[in-house]
Each structure stands twice: as C-alpha cells, then as structure tokens.
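# One predicted model, sequence on top.
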Amino acid sequence: MSDQAMSAPASTGPVLLGDLITDLERRYPPSTAAQWDAVGLLAGNPGRTVSRVLLAVEVNQDVVEEAVHLGVDLLLVHHPYLLRGVHTVAETTAKGRVLAELIRHDIALYAAHTNADDAPGGVSAALAELLGLREAEPLIRSTHPDSHPGSGTGRVGTLAEPTSLRVLAERVAQALPRTAQGLRVAGDLDAEVTRVAVCGGSGDSFLPDARRVGAEVYLTADLRHHPATDFRAEAPLPYLIDAAHWASEWPWLPHLAEQVTQDCAARGATVEVHVSSICTDAWDAVAGR
Ligand SMILES: [Zn+2]
C-alpha cells in the first residue's frame, strides 16, 4: 500500500441525504436564492442514505431514465422542477410522469438554482474558469448577509492574452458542450479583446452591467432581439456571444461533482457521482444556413 493510500481517510459507505444537503447548503445557502425561486429538496427523505448521485442542469424524461439506469439515489439539478403552480402530478402530465418515476425508484430530487448562480464555485464562476478568466469578480456583488465573500451576479475578468473575437468564440464553442444552436456572435470578429464578462443562463438583464464594468465581450445565453439590438445601437462594446441556456450552465456540473465528492469524503463517506451529458436544450436543429 502506498503512503498516500494509507494516509487517506477511511471511506466507509454511503452518506445520509440530510448530511449531503447540509454540506451543499453550506456552499450554496438557500437563503441567498431569489425570492421567486423554489430551491431545495423536491422529493425524497433526508433520513435515507445516498451512495450514487447524478448531476444535471435539469430533469426531464431522458434524465430520469439515465438516473434509473445508473441506479442513483439522488438527482441533483440546477433548475427547480416545480417553479410555477402545480395542481396535479397525475401521470397524464409530463411533470407527473417524471416525478412518479423518480419516487417509484426511490430517487430524491434536489435543486440549487439562483443560490448556485452567484456563489464562488457556482455556475458563473465555472463559466469564467472555463474561459480561463483571470482575477474574475462579480458583475454585481451580492449584498446578502448569508452570501460567501466573492458572491454575485456573473463574472468579469481578463484573458491571458489579447485574442480576436473570432478565436475567442471558436474557443468557447469548443469548450462548451455541443448544442444545435451553437453560438451566436455579434461584433467585429477581428477585434482584439481581453476583458470578458460572463453570466450563465439568461443574462440579458445584465447587459448594462457588462458595459459598466468595461467588458469587451459578454458571454451569456437567451439574448433576445430587442434588448440585444437596443444595446448594440448605443455602443459597439461589449461584443456579444450568445450560447444555448443549457450549455452555458453545464460547465458547473463537473465542479459540483468535485465538491460533492470532497464533502462526502470529509464525512468519511464515499459516493459515486455521475454528470449527465444529455442535452436538455429545447432545440434540436438549425435550418436554413
Ligand atoms: Zn438556467
């Protein structure tokens, strides 16, 4: 046995779901979630044990099938599944079928959403890291008393060296998981840029913040026609890169896998953590080009 193996803490079996949630909520305090959000445990018993976990941006029928196939005890997702009023979980509805299938297979469902967007180690931090942004800091600092230092909306930082918008967009396209949409890019493709802002998920409400912090490029998702055209009419910078919503949030999952693994190991537990690569983006194809 190597010294390293001998000094590793003894890992013995599964973790309590309640303990896993405690650790998760230390990283991503639910009190820091937006008022309208619905984060936390949606199905499952905190008193049960977890030995296998599947991470996904969101749950749908395909993701549930993957969870059942892998035999996981917990499906940990970014998007809450029941955000708007639900009056039935009958299996005549898609949501009812998904929830019934999870419950039948004893799979708990937990969502960390806006509380995971802003935190260090969260969704926007993962996107900044994917681009190799240096000295990344939030576009808007969180003022919530329960937020960790360095929390806030989006991130802005600098690339290791000036890069053309064209090369940066190609690099982002290679680094993000593939979607039918790919990336939409607005701006002078040959211009050199170094200061880049990012925001995982729908980021058009933070366009003015990306400009305010002096970003030369803003990478986000779900940019709509009117906010984007009005913004570009005011000034050329920042240039825009628009990713698919799912793709912009997925880079968080490998970080989350590491965090869950570490937290369980610190409790002397071992969990098998899987990251789903099923694309849950709404679109299947692009035609006409
Ligand atoms: Zn999202």
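Sure, I can see it.
# count of residues packed around T261?
16 (other CB atoms under 10 Å). Bear in mind the C-beta positions are built from the backbone N, C-alpha and C, glycine included.
# Helix or strand: which one has it?
Here T261 sits within helix 252-266, counting by DSSP states H and E.
# what's the most centrally placed residue in the chain sitting at in phi/psi?
Geometric centre of the chain, nearest residue: E249, 3.6 Å, by CA atoms, centre = their mean. Taking degrees, to the nearest 10, you get phi -100, psi -20 for the backbone angles of E249.
# where's it relative to T163, distance?
E249 sits 23 Å away from T163, taking CB to CB, to the nearest Å as the criterion.
# for V156, same thing?
Relative to T163, and taking CB to CB, V156 is found at 16 Å.
# And those two? Which one has more around it.
Ranked by neighbour count (other CB under 10 Å), V156 and T163 place V156 first, with 26 against 19.
# helix/strand/coil for the closest residue to the more buried one other than its chain neighbours?
Leaving aside its chain neighbours, V156 sits nearest to A197 (4.3 Å; criterion: CB to CB, 6 or more residues apart in numbering). Classification of A197 by DSSP: H, G, I helix; E, B strand; the rest coil places it in strand.
# Next one: the nearest residue to S277 once chain neighbours are set aside from Q259, what distance?
Spatial nearest neighbour of S277, chain neighbours left out: P177 (6.8 Å); criterion: CB to CB, 6+ apart. P177 is 19 Å from Q259, where distance means CB to CB.
# again, but for L207
On the measure of CB to CB, L207 and Q259 end up 30 Å apart.
# More neighbours: which of the two?
L207 (23 against 18).
# In contact with that one, which residues?
By CB atoms under 8 Å, 6 or more residues apart in numbering, L207 lies in contact with 218, 227-228, 231.
# How much space separates it from P227?
6 Å.
# related to what we said a few turns ago, can you list contacts of the helix holding T261?
9, 11, 15, 20, 23-24, 27, 53, 55-57, 76, 78, 116, 121-123, 125-127, 129, 200, 270-271, 273-276.
# May I have the predicted confidence score for M6?
You'll see M6 listed with a pLDDT of 50.
# Then R289?
81.
# Quickly list the domain ranges of the protein.
3-116+250-274, 117-248 (automatic domain parsing).
# Span of the shortest one from start to end?
Domain 117-248 has an end-to-end distance of 11 Å (criterion: CA to CA, to the nearest Å).
# circling back to that earlier point, which members of the contacts of L207 are the farthest-apart pair?
Y218 and P227 (11.5 Å; CB to CB).
# okay, these two: which has more neighbours?
Regarding Y218 and P227, a neighbour count based on other CB under 10 Å identifies Y218 as having more, with 30 against 15.
# pretty sure that one belongs to a helix, no?
No - going by three-state DSSP, the assignment for Y218 is strand, not a helix.
# Who are the contact partners of the closest residue to it other than its chain neighbours?
Using CB to CB, 6+ apart and skipping the chain neighbours, the partner closest in space to Y218 is A210 (3.9 Å). Contacts for A210 (CB under 8 Å, 6+ apart) come out as 139, 154, 156, 197, 199, 218, 238.
# So which residues of the stretch 101-250 of the chain form strands?
Ranges of strands within the stretch 101-250 of the chain are 108-111, 134-137, 140-141, 152-153, 155-164, 184-186, 192-202, 217-221, 239-243, based on DSSP state E, counting those that start in this stretch.
# Determine the number of other residues adjacent to C199.
30.
# same thing with A243?
Using other CB under 10 Å: A243 sits among 29 other residues.
# which one is it nearest to, not counting chain neighbours?
A221 (4.9 Å).
# and that neighbour, how many neighbours does it have?
So A221, with other CB under 10 Å, has 25 neighbours.
# give me every residue that touches it.
200-203, 242-245, 247-249.
# Let's have those in TSV, adding distance to G288 and pLDDT.
Listed next are these as TSV, based on distance: CB to CB, whole Å; pLDDT from 0 to 100:
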residue	distance to G288	pLDDT
G200	28	98
G201	27	97
S202	25	96
G203	26	96
D242	18	98
A243	20	98
A244	18	97
H245	21	97
A247	21	98
S248	24	98
E249	27	98
